[in-house]
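**Q** Compute the structure for the input listed below.
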Amino acid sequence: MESFEEVYQKYLKEVYCFLLRLFGDREIAEELTQQTFAIAFEKLENFRGECKLSVWLCQIAKHEYYAWTKKQKRYANKLDENHADQGEDLLNGIINQENGQIIRKILHDLQEPYKEVFMLRVMGEVSYRDIGQLFSKSESWARVTYYRAKKMIVEKMGGAGNDEM
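**A** From the prediction side, this is the model:
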């Protein structure tokens with residue numbers, strides 16, 4: 001079996017192009033490509049070889065696409081509900097402020113290197129390549145670490161009574 005780095009390098013473009021054809025949006029396709037590889041990294045030992053590795057990766061990407069579109073529909077429905085009543089704006093501001101406090105607490109408790117990678121990427125807007133270099137690791141390591149940190153934060157937000165970040 002190839003190393004994850006080799007799998008990532010070999011199939012990155014194929015998975016990205018697959019998602020780009022589904023979406024037509026480069027940024028979303030890039031984000032879902034990284035989520036796909038983060039999931040694949042976690043589940044690589046479950047790959048049984050019953051199909052080509054590229055097919056398995058595109059299946060993961062397809063499931064991420066479905067999950068993303070479903071989440072966007074829920075978000076759009078929530079926006080419609082919020083705009084129906086102007087009084088909701090004040091409540092939403094309070095909720096966002098509370099979510100900000102919860103996210104800061106979660107970030108404070110997050111283990112390294114997840115905490116630092118997340119902070120560099122989100123707050124410092126540092127590229128994955130530069131993050132990888134800072135840690136003497138690869139760009140793909142930085143991407144996977146960022147998406148794992150993001151997943152941890154989202155899971156902890158769900159545990160704090162929030163479904164979305």
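
**Q** looking at the protein, which helix or strand does the model trust least?
**A** Ranked by mean pLDDT, DSSP states H and E, the helix or strand of the chain with the weakest confidence is helix 88-109, at a mean of 61.

**Q** and the residue lying closest to Ile39 once chain neighbours are set aside, what does it touch?
**A** Among residues not flanking Ile39 along the chain, Ile60 sits closest, at 5.4 Å (Cβ to Cβ, 6 or more residues apart in numbering). The C-beta positions use only the backbone N, C-alpha and C, and glycine is treated the same way. Contacts were defined as Cβ atoms under 8 Å, 6 or more residues apart in numbering; by that measure Ile60 touches 36, 39-40, 43.

**Q** ok, now with 10 Å
**A** Contacts of Ile60 were listed using Cβ atoms under 10 Å, 6 or more residues apart in numbering, and they are 15, 32, 35-40, 43.

**Q** List the residue ranges of the chain that fall below the pLDDT cut-off.
**A** In the prediction, the chain carries residues with pLDDT under 70 at positions 1-2, 74-101, 123-124, 159-165.

**Q** Lovely, talk soon.
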